[in-house]
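Asks: okay, predicted coordinates and the sequence, questions at the end:
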Amino acid sequence: MNVLNKNIDIAEVVKNDIAHHFHPFTDHKSFHAEGGPRVMTQADGIWIWDGNGHKLLDGMSGLWCVNVGYGRKELAEAAYKQMLDLPYYNTFFKTTTVPTTELAAKISSVMPERFKHIFFTNSGSESNDTIVRFVRHYWKLKGKPYRQHFIARTRGYHGSTMVAANLGGFQGMHEQVGTEFPGFHHIKQPHWFDLGGDKTPEEFGLEAAAELEKKILEVGPDNVAAFIGEPIQGAGGVLIPPSTYWPEVQKICRKYGILIISDEVICGFGRTGNWWGFETMGFEPDIVPMAKGLSSGYLPIGAVAFADHLIKDFFELGGEFYHGMTYAGHPVAAAVALKNIEIIERENLVGHTREIGPYFAEALASLRDHPIVGETRSVGLIGAIELSNDKARRGRFASPGRVGTMCRDNCFKNGLIMRACWDTMVLAPPLVITRKEIDELVRLARVALDATYDQVK
Ligand code: PLP
């Protein structure tokens, strides 16, 4: 693949970008001081090229989404064909399109039996907004209008709309919003490395789950509508809860009649070695938001699966649900998502992830001898490397995020995309990655860790 043949004037793109493009999640001062963006131009499999011909191993699948890898012609063809047949129609007011309906049935077919109904959105954030609106209305329909409160976790990420940002547990986002929305509560994240102290991970898992019951009692059990959590917290730093955590959370939610929402925006579509993170972590949700891997990021689309018991009541008791987006269930995005799921099935990418997961874990563990690596952990093809200034005590560097950012920049320089969540380096490569490519990923990670160590020792 020769990106230099593409005749793109990269300097001009950068100039235009600085002049006109207002970027999300970007520190604009340092962005401009450093000379603007890196322009990505082409990709294939797990590899991506920038406009200067620099080749990078994408250890993050874009933003945790390109599950089937880059360069899938079939997905482009599915979009092209659907655009010719019917480029757009909506799903409001009792209409539908062929791929939208087929996609709803397909998603349902890869879920547990009880999930038969799928609501479409354009993103993970919109999926979570949809859920808050659905759940609050649902409890009103059920004659329990006081059940309006949601419990989530600190360092949980549920999106960037007003509701999703408040549902999430990122303090910086709450502060920028100005004030927290009422009705959203947070308990601590089940992260043993930082918070586990002398407890075993299993003991800590039970302690972290017990916080949920404490919070329920504080808010009032009758006031709590639902608990939301990512099976594994992604943007919070790939926080993999101890095995005791989720079963205990489920027990507590059932005890108080509280709905469980499993945010599968990252964990869904094979990432953890099963179709769904809740299967890997051992719990049974009532509501499942999804996006990212649904289309492998080839087009924007999100969805929410609702369990039958909710749908039955909602359809029987409710009238019109005053909620929906113009592009919900967009036929072109749906056609691409449908083909994407067919590829995951045909190539058995879920089985491949389950099979290669232990190899990925071992490869990451080979970095534990490094002077600034305090822990490595992974499930399937999602993993993390904790940077530490004191391995024995699980110590942290001063100014959280400073060393992580250095390491991220060193990765970029050396041909690897690995993201930093404060001082936790996170990885979620495309599910098509091979053993040989995992070896290369870990070799590149070590080069970046060495360069980072040279800067901080
Ligand atoms: N939920 C989780 C777990 C996510 O990781 C994200 C995005 O990273 C979202 C929701 C929001 O998705 P989107 O960025 O598509 O709105």
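Replies: Here it is on my side, so go on.
Asks: flag every buried residue along stretch 62-81.
Replies: G62, W64, C65, V66, N67, V68, G69, Y70, R72, L75, A78, A79 (16 or more other Cβ atoms under 10 Å). The way it works is simple: take the backbone N, C-alpha and C, and place the C-beta from them, glycine included.
Asks: residue contacts, T100?
Replies: Applying Cβ atoms under 8 Å, 6 or more residues apart in numbering, one finds that T100 lies in contact with T91, F120, G329, H330, P331, A334.
Asks: do I have it right that the second one meets A303?
Replies: Read that as F120. Yes: between F120 and A303 there is a contact at 5.3 Å, judged by Cβ atoms under 8 Å.
Asks: remind me which helix or strand M111 belongs to.
Replies: Using DSSP states H and E, M111 sits in no helix or strand.
Asks: picking up where we left off before, now the buried residues of stretch 62-81 as JSON lines including pLDDT, secondary structure and distance to the ligand?
Replies: As requested, those are exported to JSON lines (pLDDT from 0 to 100; DSSP: H, G, I helix; E, B strand; the rest coil; distance: Cβ to the nearest ligand atom, whole Å):
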{"residue": "G62", "pLDDT": "98", "secondary structure": "helix", "distance to the ligand": "11"}
{"residue": "W64", "pLDDT": "98", "secondary structure": "helix", "distance to the ligand": "6"}
{"residue": "C65", "pLDDT": "98", "secondary structure": "coil", "distance to the ligand": "8"}
{"residue": "V66", "pLDDT": "98", "secondary structure": "coil", "distance to the ligand": "13"}
{"residue": "N67", "pLDDT": "98", "secondary structure": "coil", "distance to the ligand": "13"}
{"residue": "V68", "pLDDT": "98", "secondary structure": "coil", "distance to the ligand": "17"}
{"residue": "G69", "pLDDT": "98", "secondary structure": "coil", "distance to the ligand": "19"}
{"residue": "Y70", "pLDDT": "98", "secondary structure": "strand", "distance to the ligand": "18"}
{"residue": "R72", "pLDDT": "98", "secondary structure": "coil", "distance to the ligand": "20"}
{"residue": "L75", "pLDDT": "98", "secondary structure": "helix", "distance to the ligand": "18"}
{"residue": "A78", "pLDDT": "98", "secondary structure": "helix", "distance to the ligand": "20"}
{"residue": "A79", "pLDDT": "98", "secondary structure": "helix", "distance to the ligand": "19"}
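Asks: disregarding residues adjacent in the polypeptide, which is nearest to the residue of the stretch 251-400 of the chain found nearest the ligand?
Replies: Relative to the ligand, the nearest point of the stretch 251-400 of the chain is V265 (3.5 Å; Cβ to the nearest ligand atom). Nearest non-adjacent residue to V265, counting by Cβ to Cβ, 6 or more residues apart in numbering: G124, 3.7 Å away.
Asks: around the ligand, pick out the residues from the stretch 51-200 of the chain.
Replies: Residues of the stretch 51-200 of the chain found near the ligand (Cβ under 6 Å from any ligand atom) are L63, S123, G124, S125, N128, Y157, H158, G159, S160.
Asks: and of those, the nearest to the ligand?
Replies: Using Cβ to the nearest ligand atom, those come closest to the ligand at G124, 2.3 Å.
Asks: how about the residue nearest the centre of the chain, what does it touch?
Replies: Nearest to the geometric centre of the chain sits I266, at 2.8 Å (Cα atoms, centre = their mean). Shown in contact with I266 (Cβ under 8 Å, 6+ apart): W64, E230, I232, G234, A235, G277, K292, G293, I382, A428.
Asks: touching, the first one and P430? I think so.
Replies: No: at 10.3 Å, W64 and P430 do not qualify as touching, with contact defined as Cβ under 8 Å.
Asks: how about residues contacting whichever strand or helix holds A165?
Replies: Assigned by DSSP H and E, A165 falls within helix 162-167. The contact list for helix 162-167 (Cβ under 8 Å, 6+ apart) reads 124-125, 128-129, 132, 150, 152, 156, 158-159, 173-174, 177, 180-181, 184, 228.
Asks: any stretches of the stretch 151-300 of the chain with poor pLDDT?
Replies: The model of the stretch 151-300 of the chain has pLDDT under 70 over residues 178-180.
Asks: quick one, strands of the stretch 201-350 of the chain?
Replies: Applying DSSP state E, counting those that start in this stretch to the stretch 201-350 of the chain gives strands spanning 224-229, 259-262, 287-290, 302-307.
Asks: got a markdown table for these, with distance to T41 too?
Replies: Shown next, in a markdown table, are those (distance: least, Cβ to Cβ, whole Å):
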| stretch | distance to T41 |
| --- | --- |
| strand 224-229 | 37 |
| strand 259-262 | 36 |
| strand 287-290 | 29 |
| strand 302-307 | 27 |
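Asks: so which of those is nearest F397?
Replies: strand 224-229 (27.9 Å; Cβ to Cβ).
Asks: parallel or antiparallel, list what pairs with that closest one.
Replies: Its sheet considered, strand 224-229 pairs with strand 149-153 (parallel), strand 259-262 (parallel) by DSSP bridges.
Asks: quick check: F204 touching P190?
Replies: Yes: assessed by Cβ under 8 Å, F204 is found in contact with P190 at 7.2 Å.
Asks: so the two - more neighbours on which side?
Replies: Just comparing F204 and P190: by other Cβ atoms under 10 Å the higher neighbour count belongs to P190, 27 against 22.
Asks: mean confidence score for the one helix or strand A105 maps to?
Replies: Using DSSP H and E, A105 sits within helix 98-109. Averaged across helix 98-109, the pLDDT comes to 98.
Asks: now swap in stretch 319-332 and tell me
Replies: The pLDDT scores in stretch 319-332 average 96.
Asks: ok, residues contacting that stretch?
Replies: By Cβ under 8 Å, 6+ apart, stretch 319-332 touches 79, 82-83, 86-92, 96-100, 103-104, 119-122, 126, 130, 133-134, 137, 299, 301, 314, 333.
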